[in-house]
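S.K.: Any chance you can model this:
(chains A, B, C and D)
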Protein chains: 2
Amino acid sequence: MTKEITDKRSAILKAAMELIAENGFHGAPTAMIAVRAGVGTGTIYRYFADKDVLIREVHRELEERMNPILMVRNAAERSLKERFQHFFFGLMRFLLDNPLEFKFLEQFYNSPYGVAMRRDKILNQKASDQRCDTVKNLFEQGIAEGMIKDLPLPILFALFFGTLASVARDHTLGFIELNDDLIYRTAEASWDAIKR
Amino acid sequence: MTKEITDKRSAILKAAMELIAENGFHGAPTAMIAVRAGVGTGTIYRYFADKDVLIREVHRELEERMNPILMVRNAAERSLKERFQHFFFGLMRFLLDNPLEFKFLEQFYNSPYGVAMRRDKILNQKASDQRCDTVKNLFEQGIAEGMIKDLPLPILFALFFGTLASVARDHTLGFIELNDDLIYRTAEASWDAIKR
DNA sequence: AGATGGGGACTGAACATTCACTCCGCACGA
DNA sequence: TCGTGCGGAGTGAATGTTCAGTCCCCATCT
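M.R.: Prediction:
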């Protein structure tokens, strides 16, 4: 018997992520999570203090999985524009290749969980989120070099993540069919918005 | 006694919008809506068949209120860029000046209600949403004239609305303090993304 | 080796709470 | 006195959480 099948904790996390992605927080009661994970409802509470903790843990592990993927080959020898586009492309590809994960993240960030997390991060200056840090460094360096518009960071983030998320959402909802060429041209347009 | 105070229907709509904006759909049970509206819980069901109808009605009336505001002085004698920026500025100002309305719209569009509505609109080719139509016409004309990048409409929308919503959200959450100058420069950046 | 006993992971029915929605009686104007 | 618009306690369904009991695994004893 492989470890994956008997690892109930992972099964619960996976079931919770899938159900929240598919049906939103409303459509993921503990009873349903337990059924899909193949465990008893009580078992959930052996691994997580309550549902809030479970949901935050799903998010935390998802972030950990994403970070290494996005760090790959974002080395310093490339130009700012190349690094920017590589990051845009990489994140977009990840979101399109993992639609459930993307839908979960959307649910999460648009809920009190996500807002509270962001507020925490800004107030406590936590530097744990490598995804944001990578882009933040890119922007700060670009501003210093005069390559990027001298706008407040949140606005640059909006020009980047706002567009990215909106396009990815349209794709997962079936309103548009993205391919590598379209993603590349979207990244180009996003760069036009940011560059000086 | 003025009509506003005794108009229970309006009071219910207003209370529902405020509570959903402040606390999300979770934090707006019918009992709470009734208390804030100064009516009995049963009275809600004298005016609306069920909660779904109530919520969709809040959205419908809100859209009706916004449309004329955004149509103002978007006349044809101006250049494409000027009209684009005027629209960006107008919508942003409305969202910042009406934070509760904006928060409600965010909740709405990021919920099954909003997705269902968009899907309906795309499938049935309904042209009822003048807000989208204005921008759509702008984009189509711009593409025809070679002023705007020849990208699929959903991507142009994302470059526009995605950025706009993201910036407005950061403002209402207190992560950034927008003023007219910053809004103008953001509109400029958004135009850079879209223009050829 | 085989039997026995104990520990603890696991289960799911039961519980408390919350919610959307109903319904019956009341107050008030005609 | 009659009728209509309204209120809010009440209803049942759904949900998060708990807890008493089950069952499997393995150390220990004969």
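S.K.: any idea of the pLDDT on the closest residue to A:Ile143 other than its chain neighbours?
M.R.: Nearest non-adjacent residue to A:Ile143, counting by C-beta to C-beta, 6 or more residues apart in numbering or on different chains: A:Asp150, 5.6 Å away. Yep, even glycine has a C-beta here, placed from its N, CA and C like the rest. Looking at A:Asp150, its pLDDT is 97.
S.K.: Next up, identify which helix or strand the most centrally placed residue in chain A is on.
M.R.: Centrality entry for chain A: nearest residue to the mean C-alpha point is A:Leu105, 5.5 Å, by C-alpha atoms, centre = their mean. In the assignment (DSSP states H and E), A:Leu105 maps to helix A:99-109.
S.K.: Ok, A:Ile55 next?
M.R.: A:Ile55 belongs to helix A:51-71, assigned by DSSP H and E.
S.K.: Could I get the buried residue list for the next helix or strand after that helix?
M.R.: Sequence order places helix A:80-97 as the next helix or strand after helix A:51-71, per DSSP H and E. If you call a residue buried by 16 or more other C-beta atoms under 10 Å in any protein chain shown, then helix A:80-97 has these buried ones: A:80-81, A:83-88, A:90-92, A:94-96.
S.K.: ok, now stretch A:18-28?
M.R.: Using 16+ other C-beta under 10 Å as the test for burial, stretch A:18-28 gives A:18-21, A:24-25, A:28.
S.K.: Tell me which two of those residues sit farthest apart.
M.R.: For the buried residues of stretch A:18-28, the farthest-apart pair by C-beta to C-beta is A:Glu18 and A:Phe25; their separation is 13.1 Å.
S.K.: Contact partners for the residue nearest to the centre of chain A?
M.R.: A:59, A:62, A:95 (C-beta atoms under 8 Å, 6 or more residues apart in numbering or on different chains).
S.K.: I'd assumed A:Phe104 was in contact with the second one.
M.R.: Yes. Here A:Leu62 lies in contact with A:Phe104, judged by C-beta atoms under 8 Å, at a distance of 6.9 Å.
S.K.: Which of those two has more residues huddled nearby?
M.R.: A:Phe104 (23 against 18; other C-beta atoms under 10 Å in any protein chain shown).
S.K.: Okay, the closest residue to the more buried one other than its chain neighbours and A:Phe102: tell me how far apart.
M.R.: What sits nearest to A:Phe104 in space, not counting adjacent residues and going by C-beta to C-beta, 6+ apart, is A:Ala21, at 4.3 Å. Per C-beta to C-beta, to the nearest Å, A:Ala21 is found 8 Å from A:Phe102.
S.K.: what does A:Leu178 give?
M.R.: 12 Å.
S.K.: between the two, what contacts are shared?
M.R.: Joint contacts of A:Leu178 and A:Phe102 (C-beta under 8 Å, 6+ apart) are A:Leu96.
S.K.: Near chain B, which residues of chain A? Just list them.
M.R.: A:24-25, A:106, A:110-112, A:115, A:118-119, A:122, A:149, A:151-152, A:154-155, A:157-159, A:161-167, A:170, A:173, A:175-176, A:182, A:185-186, A:189-190, A:192-195 (C-beta under 8 Å from any C-beta of the partner chain).
S.K.: From those, list the buried ones, please.
M.R.: Buried positions within the residues of chain A next to chain B, assessed by neighbour count (16+ other C-beta under 10 Å), are A:24-25, A:106, A:110-111, A:118, A:149, A:151-152, A:154-155, A:157-159, A:161-167, A:170, A:175-176, A:182, A:186, A:189-190, A:192-195.
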